[in-house]
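> Predicted model and sequence follow; I will ask about them next.
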Amino acid sequence: MADKTLVCKDCGEEFVFTEGEQEFYKEKGFENDPVRCNTCRKARKQQSNRR
């Protein structure tokens, strides 16, 4: 496995999905790659917690 460069669906910026993160996703049984960068993921999570 190698690092992957993905594009965030919220901000459109490229981000790296590292080999270690891919291993973690595989161990957890996640089948899809992330669609948001860490910054947008954190912002979305904060918005969800405010409600």
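Looks like it arrived, so ask away. Residues are numbered from 1 along each chain as shown.

> buried ones in stretch 22-31?
The neighbour-count check on stretch 22-31 (16 or more other C-beta atoms under 10 Å) flags Gln22 as buried. In short, each C-beta sits where N, CA and C put it, glycine included.

> I'd like the mean pLDDT over that stretch, please.
What stretch 22-31 shows for mean pLDDT is 96.

> With just CA atoms, put that stretch into PDB.
Backbone C-alpha positions of stretch 22-31 (Å, rounded to 0.1, in the frame of the first residue of the first chain) are rendered in PDB as follows:
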ATOM      1  CA  GLN A  22      -5.300   3.100   5.300                       C
ATOM      2  CA  GLU A  23      -4.300   0.200   7.600                       C
ATOM      3  CA  PHE A  24      -6.400   1.700  10.400                       C
ATOM      4  CA  TYR A  25      -9.400   1.900   8.100                       C
ATOM      5  CA  LYS A  26      -8.900  -1.700   6.900                       C
ATOM      6  CA  GLU A  27      -8.600  -2.900  10.500                       C
ATOM      7  CA  LYS A  28     -11.900  -1.200  11.500                       C
ATOM      8  CA  GLY A  29     -13.700  -2.700   8.500                       C
ATOM      9  CA  PHE A  30     -14.200   0.600   6.700                       C
ATOM     10  CA  GLU A  31     -14.600   0.000   2.900                       C
END
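
> contacting residues around it?
1, 4, 33-34 (C-beta atoms under 8 Å, 6 or more residues apart in numbering).

> Where do the helices of the chain begin and end?
With DSSP state H, the ranges of helices along the chain come out as 19-28, 38-50.

> Among those, which comes closest to Gly12?
Closest approach to Gly12 among the helices of the chain (C-beta to C-beta): helix 38-50, 9.9 Å.

> circling back to that earlier point, ok, which of the helices of the chain comes nearest Asp10?
With respect to Asp10, and counting by C-beta to C-beta, the nearest of these is helix 38-50 at 4.2 Å.

> thinking again about what came up before, nearest to Arg44 among the contacts of stretch 22-31?
Using C-beta to C-beta, the contacts of stretch 22-31 come closest to Arg44 at Pro34, 11.5 Å.

> for that closest one, what are its contacts?
Contacts of Pro34 were listed using C-beta under 8 Å, 6+ apart, and they are 6, 17, 21, 25, 41.
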